[in-house]
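Mind looking at a prediction? Sequence and model below.
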Amino acid sequence: MQSSEQPAILSLFPEGSSVVDGEIAISGVHASDLAAAYGTPAYIVDESALRQRIRHYRDGLSLRWPNSRVYFASKAFPATAVYQVMSEEGIGIDVAGGGELVMALAGGADPRDILVHGNAKTDSDLKMVLDAGVGLIIVDNLHEVDQLTALVQGTQDVLVRIRPNVDTDTHEAMSTGHGDSKFGMGPEETRRAIDMIQRSKDLRLRGLHVHIGSQVFELDAFSESIKALSEFGEFEIYDLGGGLGERHSYDDPAVSVDDYLDAVVQAAKDFLPPSSRIILEPGRSLVARAGVTMYRVVNVKRGGKTLVAVDGGMADNLEVSLYGQRFEATLSNRFHGEELVSVVGRHCESGDELIDGVHLDSPAAGDLLLMPVTGAYCFTMANNYNGSLRLPVVFVSDGVPRLVVRRETYEDLLARDVLVPPLQPKR
Ligand code: LLP
């Protein structure tokens, strides 16, 4: 039975989540059933919601600008199953380096639908992507033009990445379009790169690229970066980057995919040739809301500030300690909490706090705690701090869960060790 009064926090869960018989169900499956089957902590992904978001982006862009393509910035959730979903939905893949290329190909991506990023692509990265036959390489710097010229056999399509000198409202570490950014080239170098590539017989210059940062809500900043592209002449392809912010907490603004598409396409109409092809490469705004992290409460300390300690933390979610990202959370079966608590992780570091101040309903050891909007960059930056095992990923679609990444094991922790024989005791 579905309760008539749905808690406010559901607005941050994957669309289609609901409260059924007093407990949150993701794509129709109760959190407690997922915990019983797969254990905690775990990343849960609503596959139906993910596919819906991909289609919304893909169709929304092509409706507004038919000569266009969406590419998934795969650094946001580089799991083979996610690459597979993206490819099945017919969008391209953005990879940064050989590792993401390997996973994209394992997920079934057509190499011609892959574009390649990186501010320091090594010869080995470049050889790998050239051998695979990728569609586009985004040239980041002048040295890369020389590297490519030496390595390319036949011809390779490329774009040139500009640094538009546009600042954004995001965290400093996620801003990439300002004048001192390590990504892309300033106007003078951009012109030189364009000239060098146009004179090369191995490289075919198809257009330009710009990306100003991540978790950006300021639509004007995107428009400004598109205007910056128009200063270098007219090209066939413009890759306008990714970066649209996703609402992680009640405090974040809600800027929809449609608001964003309206703004970037308007700027493209204002500043770019009407016959050009437009590429968008979103990461976070494709995957963030489809993901929920499920933790078990290990203990609760009361006295001072109430501290709810869970069985995960900064090893599965670095967003908080690296960028101060604010998340919300709820117990899986009690929603209208009055008790102000902080949710802390299990790692030996004071900064291992997942949420500083959230209302929960009488949390106790054994409760299941759900943190929504964790589908972007959490899996990506997971680590083994304190020997933690990296989390499984469980897809749920129309009431059916399936494991797509298994939990790491203690054997995995030892798997890369190359042991020397033990020291012989001295006589
Ligand atoms: N294109 C390029 C060239 C990028 O560097 C990025 C992200 C994207 C597209 C996708 O941006 P998105 O749509 O996901 O915002 N580690 C940070 C995020 C860094 C984003 C890096 N580049 C985090 O954990 O939040």
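That came through fine. Residues are numbered from 1 along each chain as shown.

what are the ranges of the helices in the stretch 101-250 of the chain?
Under the criterion DSSP state H, counting those that start in this stretch, the stretch 101-250 of the chain contains helices at 123-132, 142-151, 187-199, 219-229.

most tightly surrounded among these?
helix 219-229 (a mean of 21; mean count of other C-beta atoms under 10 Å). (Glycine included, C-beta is placed from N, CA and C.)

Closest residue of the stretch 251-400 of the chain to the ligand?
Residue nearest to the ligand within the stretch 251-400 of the chain: G283 (2.7 Å; C-beta to the nearest ligand atom).

That residue: what's it in contact with?
Shown in contact with G283 (C-beta atoms under 8 Å, 6 or more residues apart in numbering): F72, A73, S74, K75, A76, F77, D94, S214, G242, A376, Y377.

Please list which of the residues you listed are also close to the ligand.
When C-beta under 6 Å from any ligand atom is applied, the members of the contacts of G283 adjacent to the ligand are A73, K75, A76, D94, S214, G242, Y377.

The longest strand along the chain pairs with which strands, and in what direction?
Longest strand of the chain, by residue count under DSSP state E: strand 291-301. Applying DSSP bridges, strand 291-301 is found paired with strand 42-46 (antiparallel), strand 306-310 (antiparallel), strand 368-372 (antiparallel).

Around the ligand, which positions in the protein sit nearby?
73, 75-76, 94, 117, 174, 211, 214, 241-244, 281-285, 319, 323, 377, 381.

In strands only, show me those residues.
Judged by DSSP E, the residues of the chain next to the ligand include A73, D94 as members of strands.

and the spatially most central residue of the chain, what does it touch?
For the chain, the residue nearest the mean C-alpha position is A76 (1.8 Å; C-alpha atoms, centre = their mean). Listed by C-beta under 8 Å, 6+ apart, the contact set of A76 reads G283, R284, L286, V287, A288, G375, A376, Y377, T380.

quick one: buried residues of the top helix by length along the chain?
Longest helix of the chain, by residue count under DSSP state H: helix 47-64. Under the neighbour-count criterion of 16 or more other C-beta atoms under 10 Å, helix 47-64 has 47-54, 57-58, 60-61, 64 buried.

can I see the domain layout of the chain?
8-46+288-413, 48-286 (automatic domain parsing).

Off-centre distance for the last one?
The chain centre lies 13 Å from the centre of domain 48-286; the measure is C-alpha atoms, centre = their mean, to the nearest Å.

Next, the distance between the ends of it.
Across domain 48-286, the terminal residues are separated by 12 Å (C-alpha to C-alpha, to the nearest Å).

Give me the mean pLDDT for it.
The pLDDT scores in domain 48-286 average 96.

Show me the strands in the stretch 251-400 of the chain, by range?
Ranges of strands within the stretch 251-400 of the chain are 277-280, 291-301, 306-310, 330-331, 339-344, 353-360, 368-372, 393-397, 400-405, based on DSSP state E, counting those that start in this stretch.

Of the helices of the stretch 101-250 of the chain, which is nearest I162?
helix 187-199 (5.0 Å; C-beta to C-beta).

Give me the buried entries from the contacts of A76.
For the contacts of A76, buried by 16+ other C-beta under 10 Å: G283, R284, L286, V287, A288, G375, A376, Y377.

how about a markdown table for these, with distance to G303 added?
A markdown table is the format used below for the buried ones among the contacts of A76 (distance: C-beta to C-beta, whole Å):
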| residue | distance to G303 |
| --- | --- |
| G283 | 41 |
| R284 | 38 |
| L286 | 43 |
| V287 | 39 |
| A288 | 35 |
| G375 | 35 |
| A376 | 35 |
| Y377 | 34 |
